[in-house]
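# sharing a model that was predicted from the sequence below.
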Amino acid sequence: MIELQHLTKQYDQFVAVSDLNLTIKTGEFFGLLGPNGAGKTTTISMLSTLLLPTKGSIQIDGEPLTRKNDRLKRKLSVVTQEYSMRQDMTMDEIMEYQGRLYYMPVKKIRERSEELLDFCGLLNYRKRTVRKLSGGMKRKLMVCRALLTEPEILLLDEPTAGMDALARRQMWNLLKKLNQRNLTILLTTHYMEEAESLCDRVGFMCRGVLEETDTPRHMIELLGRYAVDETTGDGVRSHYFSGKEEAIRYLSDSPWETTLRSTTLEDVFLEHVGKLDRK
Ligand SMILES: Nc1ncnc2c1ncn2[C@@H]1O[C@H](COP(=O)(O)OP(=O)(O)OP(=O)(O)O)[C@@H](O)[C@H]1O
């Protein structure tokens, strides 16, 4: 279990993360969502102990997380936004290097690497250097590397950024399978479809403040399950309804071109962020 209490990060006078309180249960898949600069990466960096909080605390399974607590730190593994791998190393070498950093026995490194590369569909490419991998393969390799030390919690900072639709779906399937094996996952993403498909719960973060946490389904229900897009002279405006009949009535009465569809998490996000922007 991850518990963030009053977590705050200040860069000089600028508050990047403000009084963040959040509990993520063991085995939960949690998505931290927010516009650019909301404070998501800063939160992940504090969880990975790369950054120290200005105020507040992080507890993992009831124990305070500190840089010195190696045993506790090993429960967590992070996949950063940037590709942080040497271009001239093969997949096998990347995995071996990581294992050695953590003093794992060579036999264990080899066995676990093979299992992970196989699980991620990368085994056939194990002799390829990083330079020759596609962006999607590199991300998957970073997930494999992060899992080598058998962490209980995986932190993923925009794991599918820049991936094409197919590679993204493959990554989703991989993350779903990992979560089914009881891995706790905290992910940041700009793709609302990704969060809706993967996450048990999501939190909207804006200007360093965690505004709201809930299940995607409940957030959608609160806004209204049915959306009517109305194309007016000023552009497209969406209207939300709880009942289908109500939505159809609106659609029939509208003088504009209209379409009826299901409300998505992206609608909830846009409504939420739009409201905050108007504040
Ligand atoms: N080292 C730093 N010094 C000063 N300000 C910083 C530093 N690192 C981040 N910031 C600022 O803190 C805020 C939060 O940044 P952060 O990278 O956490 O946002 P984010 O939600 O991950 O954004 P994105 O979605 O664009 O990756 C931003 O305004 C950023 O400019």
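Structure received. Residues are numbered from 1 along each chain as shown.
# tell me where the chain has helices.
Using DSSP state H, the helices of the chain run over 40-47, 70-73, 91-101, 106-119, 135-147, 165-180, 192-198, 216-223, 244-253, 265-278.
# how much does the third one deviate in direction from helix 135-147?
Spelled out, that is helix 91-101. For helix 91-101 against helix 135-147, the angle by axes from the mean of the first three to the mean of the last three Cα atoms, to 10 degrees is 30 degrees.
# what lies in contact with helix 91-101?
85-86, 89, 106, 108-110, 112-113, 116-117, 122, 125-128, 130, 133, 141, 144-145, 148-149 (Cβ atoms under 8 Å, 6 or more residues apart in numbering). To be clear about C-beta, it is placed using only N, CA and C from the backbone, and glycine gets the same treatment.
# about what we covered before: ranking the helices of the chain by burial, who's on top?
Most buried of the helices of the chain by mean neighbour count (mean count of other Cβ atoms under 10 Å) is helix 40-47; its value is a mean of 23.
# so which elements touch that one?
With contacts taken as 3 or more Cβ pairs under 8 Å, 6 or more residues apart in numbering; DSSP states H and E, helix 40-47 sits against strand 2-11, strand 14-24, strand 29-33, strand 76-79, strand 153-157, strand 184-189.
# let's see that with 7 Å instead.
The helices and strands touching helix 40-47, judged by 3 or more Cβ pairs under 7 Å, 6 or more residues apart in numbering; DSSP states H and E, are strand 2-11, strand 14-24, strand 153-157, strand 184-189.
# which ones are touching the closest residue to Glu63 other than its chain neighbours?
Once flanking residues are discounted, Glu63 sits nearest to Leu72: 5.5 Å by Cβ to Cβ, 6 or more residues apart in numbering. By Cβ atoms under 7 Å, 6 or more residues apart in numbering, Leu72 lies in contact with Ile60, Glu63, Leu65.
# residues of the protein that sit close to the ligand?
Contact residues (Cβ under 6 Å from any ligand atom) of the chain with the ligand: Tyr11, Phe14, Ala16, Gly34, Asn36, Gly37, Ala38, Gly39, Lys40, Thr41, Thr42.
# ok, which pair from those residues is furthest apart?
Farthest pair in these (Cβ to Cβ) is Tyr11 and Gly34. Separation: 17.1 Å.
# neighbour-wise, which of the two wins?
Per other Cβ atoms under 10 Å, whichever of Tyr11 and Gly34 has more neighbours is Gly34, with 25 against 11.
# and that one, how far is that from Val17?
Per Cβ to Cβ, to the nearest Å, Gly34 is found 11 Å from Val17.
# coming back round to it: can I get the helices and strands packed on helix 40-47 in TSV including mean pLDDT and distance to Met171?
TSV is the format used below for those (pLDDT from 0 to 100; distance: least, Cβ to Cβ, whole Å):
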stretch	mean pLDDT	distance to Met171
strand 2-11	97	22
strand 14-24	97	20
strand 153-157	96	9
strand 184-189	96	10
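# TSV please, covering the contacts of Leu72 and showing neighbour count and pLDDT.
Formatted as TSV, the contacts of Leu72 follow (neighbours: other Cβ atoms under 10 Å; pLDDT from 0 to 100):
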residue	neighbour count	pLDDT
Ile60	19	96
Glu63	12	95
Leu65	22	96
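# closest to Pro53 among these?
Proximity of the contacts of Leu72 to Pro53 was ranked by Cβ to Cβ; the top entry is Leu65 with 9.7 Å.
# name the nearest residue to the closest one, sequence neighbours excluded.
Computed as Cβ to Cβ, 6+ apart, the closest residue to Leu65 that is not its neighbour in sequence is Ile58, at 4.3 Å.
# that neighbour: neighbour count?
If you count neighbours by other Cβ under 10 Å, Ile58 ends up with 22.
# for it, give me its contacts.
Leu4, Leu7, Met46, Leu47, Leu65.
# which of the residues you listed sit farthest apart?
Leu7 and Leu65 (10.7 Å).
# and the gap between the most centrally placed residue in the chain and Ala195?
Among the residues of the chain, the one closest to the centroid is Leu187, at 1.7 Å (Cα atoms, centre = their mean). Separation of Leu187 from Ala195 (Cβ to Cβ): 8 Å.
# what do the two both touch?
Common neighbours of Leu187 and Ala195 (criterion: Cβ under 7 Å, 6+ apart): Gly31.
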